[in-house]
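Colleague: Sequence below, structure please.
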Amino acid sequence: MASERIRVATAGDVHCREALRDHMRDAFAALRGEADVVLLAGDLTTHGEPEQAEVLAAARAELADVPVLAVLGNHDWHVDRAGELRGVLERADITLLDRGHAIVQIGGVEVGVAGTKGHVGGFAGSHLPDFGEPSLRAVYAEAGAEVVALDQGLKAIAHCPLRIVLLHYAPTAGTLAGEPEGIFTMLGTDRLAAPIAEHEPDLVLHGHAHAGTFAGAIGSVPVHNVSVPVLGRDFHVFDLEVPEPTWVPIH
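Modeller: The predicted structure follows:
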């Protein structure tokens, strides 16, 4: 019997704005018949204006029968109107994951997605510490809240045969190669790697690092930087085999 497969179309840093309205519509239309689910890895808009989100909402209508899930990125927070942005996206039937998770049914298969923006904080040799001025400690605490949320989201989808993590910021330096090392601290944090290493999802996706590298890993877990400048195209489609179900202990 043939293995079940799920086609996951993904992109980050689409930076929607009015000038891209036709381009985004065509990009979504091109996915018809080619994708079972679409995952957007943040920076959905250029500056976080709700009007820019309307461009994405209009494009999403070209693929009305396919689930679309997204996380926000730093650009989406720039003008501090994330609540309005959420409203635009949700009215367009785009599921926004903000320290949360969702389970979508695709051909009888439960696909679990744990999603959150992530945050800055650095990697080996460049970590921001939980020390010093309150403003710096607040940055550390914000990243910590993202890590906790990711852990909780992965626990909530543990029973799903296919499990995906959707982030904006990078959880590993492996997908940052090509970026200046001096800005690694602002591109993500390996604190996000701990729940990924523990729960071992099938795939991790992020954006943000425009000059980074497509493929990396956290242990045996594949991690991909799907920023549009890295992809060099509108979407990358992963053709994933659904793993055989395993028993998950109930705690």
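Colleague: All the strands of this protein, in order from the start?
Modeller: Per DSSP state E, the chain carries strands over the ranges 5-11, 37-41, 68-71, 94-96, 100-106, 109-115, 162-166, 203-206, 215-218, 221-225, 236-241.
Colleague: ok, residues contacting the fourth one?
Modeller: Defining contact as C-beta atoms under 8 Å, 6 or more residues apart in numbering, one finds that strand 94-96 is touched by 40, 56-57, 60, 67-72, 86, 89-90, 102. Every residue, glycine included, has its C-beta placed from N, CA and C.
Colleague: ok so, going back, mean neighbour count and mean pLDDT added to the strands of the chain, as CSV?
Modeller: Formatted as CSV, the entries for the strands of the chain read as follows, by neighbours: other C-beta atoms under 10 Å; pLDDT from 0 to 100:
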stretch, mean neighbour count, mean pLDDT
strand 5-11, 21, 97
strand 37-41, 26, 98
strand 68-71, 25, 98
strand 94-96, 19, 98
strand 100-106, 16, 97
strand 109-115, 24, 97
strand 162-166, 27, 98
strand 203-206, 26, 98
strand 215-218, 17, 98
strand 221-225, 23, 98
strand 236-241, 15, 97
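Colleague: Could you verify my assumption that D239 touches E34?
Modeller: No - taking contact to mean C-beta atoms under 8 Å, the distance of 10.0 Å between D239 and E34 leaves them out of contact.
Colleague: ok, now how distant is the residue lying closest to G112 once chain neighbours are set aside from V228?
Modeller: In this structure, G112 finds its nearest non-sequential neighbour in I157, 2.6 Å apart by C-beta to C-beta, 6 or more residues apart in numbering. As for I157, its distance to V228 is 26 Å (criterion: C-beta to C-beta, to the nearest Å).
Colleague: Report the separation between the residue nearest to L203 when sequence neighbours are not counted and D202.
Modeller: When the adjacent residues along the chain are set aside, L203 lies closest to I164, with 4.8 Å between them (C-beta to C-beta, 6+ apart). Distance check for I164 against D202: by C-beta to C-beta, it reads 6 Å.
Colleague: How about H47?
Modeller: 33 Å.
Colleague: Also A27?
Modeller: The value you get for A27 to D202, if C-beta to C-beta is used, is 25 Å.
Colleague: same thing with G87?
Modeller: From G87 over to D202 (counting by C-beta to C-beta), the distance is 31 Å.
Colleague: ok, P229 - contacts?
Modeller: 13, 210-211 are the contacts of P229 under C-beta under 8 Å, 6+ apart.
Colleague: which ones are touching A35?
Modeller: With contacts defined as C-beta under 8 Å, 6+ apart, the neighbours of A35 are 7-9, 63, 66, 235, 237.
Colleague: Return the residues in contact with T185.
Modeller: Shown here is T185, whose contacts under the criterion C-beta under 8 Å, 6+ apart are 120-123, 126-128.
Colleague: With distance to P180, pLDDT and neighbour count as added columns, please give the residues you listed in JSON lines.
Modeller: Listed next are the contacts of T185 as JSON lines, based on distance: C-beta to C-beta, whole Å; pLDDT from 0 to 100; neighbours: other C-beta atoms under 10 Å:
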{"residue": "V120", "distance to P180": "15", "pLDDT": "98", "neighbour count": "20"}
{"residue": "G121", "distance to P180": "17", "pLDDT": "97", "neighbour count": "27"}
{"residue": "G122", "distance to P180": "14", "pLDDT": "97", "neighbour count": "19"}
{"residue": "F123", "distance to P180": "13", "pLDDT": "97", "neighbour count": "21"}
{"residue": "S126", "distance to P180": "12", "pLDDT": "89", "neighbour count": "17"}
{"residue": "H127", "distance to P180": "17", "pLDDT": "95", "neighbour count": "14"}
{"residue": "L128", "distance to P180": "17", "pLDDT": "95", "neighbour count": "19"}
